[in-house]
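> my questions concern the predicted model and sequence given below.
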Amino acid sequence: MLTVAVLISGTGSNLRALLEAARHPDFPARVVVVGADRQAEGLAHAEEFGIPSFTVPWHEHENRAAWGDEVARQLAVWKPDLVVLSGLMRLLPPALVAEYSPRLINTHPAYLPEFPGAHGVRDALAAGAEQTGASVIVVDDGVDTGPILAQERVPILPDDTEHSLHERIKPVERRLLIDVVRRIATGDLPLTSA
């Protein structure tokens, strides 16, 4: 059984989808802990599903390395086989990436390498793109530059707003994430660093 830690910053919609998938006895992975960089709304999903959680507030640490060291200490308690960044709006420091990569994956609301960074949906609209997508990648030291594990295109409609487009991308992200975690757990998707 693959053990998974999930790190979030927001509402945790991908986390919830993964928790629901893992509830099924035939799903080959279990979420063992949820971490956040703030008092994120998504921590309520961990509580609802009886999953332990921790919070490492960004503002309580003098720099990214110190914050990452504390996240690493919290994760070490659980020894996860896989760490999923699910809406974590922080770049992990290199030491934490080195410790877990390639067993460190991230979801992104764009068809990478198109529109990396924190505003992928907004950037796709601003560029006048006709399509964007969702991706699941291995995390490396860059910004959304790691090896792509899965991705799917999502058309941009003429009347799309940032909100409406993001709402259509989210279900694709969730489906891709669940499939990637399942395939990693069964050995059908080997993880390799860039």
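In hand now; what should we look at?

> in the chain, which spans are strands?
For the chain, the strands defined by DSSP state E cover 2-8, 29-36, 53-55, 82-85, 104-108, 131-138, 148-155.

> quickly run through the sheet partners of the fourth one, with directions.
Using DSSP bridges, the neighbouring strands of strand 82-85 in the sheet come out as strand 2-8 (parallel), strand 104-108 (parallel).

> got CSV for those strands, with mean pLDDT too?
Formatted as CSV, these follow (pLDDT from 0 to 100):
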stretch, mean pLDDT
strand 2-8, 97
strand 104-108, 96
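
> out of those, flag the one nearest residue 92.
strand 104-108 (7.6 Å; C-beta to C-beta). Heads up, the C-betas are built off the backbone N, CA and C, glycines and all.

> buried residues, that closest one. List them.
Buried residues in strand 104-108, counting neighbours by 16 or more other C-beta atoms under 10 Å, are found at 104-108.

> just want the angle from that strand to strand 148-155.
Strand 104-108 runs at 10 degrees relative to strand 148-155, counting by axes from the mean of the first three to the mean of the last three C-alpha atoms, to 10 degrees.

> from now on call the first residue 53
That works, and once the first residue is 53, the last one we named lands at strand 156-160.

> relative to residue 234, which of the strands of the chain is closest?
In terms of C-beta to C-beta, the element of the strands of the chain nearest to residue 234 is strand 81-88, at 6.9 Å.

> which residues does the closest one contact?
By C-beta atoms under 8 Å, 6 or more residues apart in numbering, the residues outside strand 81-88 that reach it are 53-61, 64, 67, 70-71, 74, 94-95, 97-98, 101, 103-108, 123, 126-127, 129-130, 132, 134, 140, 233-234, 236-237.

> that older thread, out of the strands of the chain, which is closest to residue 224?
strand 183-190 (4.3 Å).

> okay, now the sheet partners of the closest one, with direction.
For strand 183-190, pairing defined by DSSP bridges yields strand 156-160 (antiparallel), strand 200-207 (antiparallel).

> pull the distance from stretch 187-194 to the chain's centre.
Remark: stretch 187-194 is offset 9 Å from the chain centroid, using C-alpha atoms, centre = their mean, to the nearest Å.

> for stretch 230-239, same thing?
With C-alpha atoms, centre = their mean, you get 14 Å for stretch 230-239.

> ok, the nearest residue to residue 89 once chain neighbours are set aside - how many residues close by?
Leaving aside its sequence neighbours, residue 89 sits nearest to residue 110 (C-beta to C-beta, 6 or more residues apart in numbering; 4.8 Å). A count of nearby residues for residue 110, using other C-beta atoms under 10 Å, gives 14.
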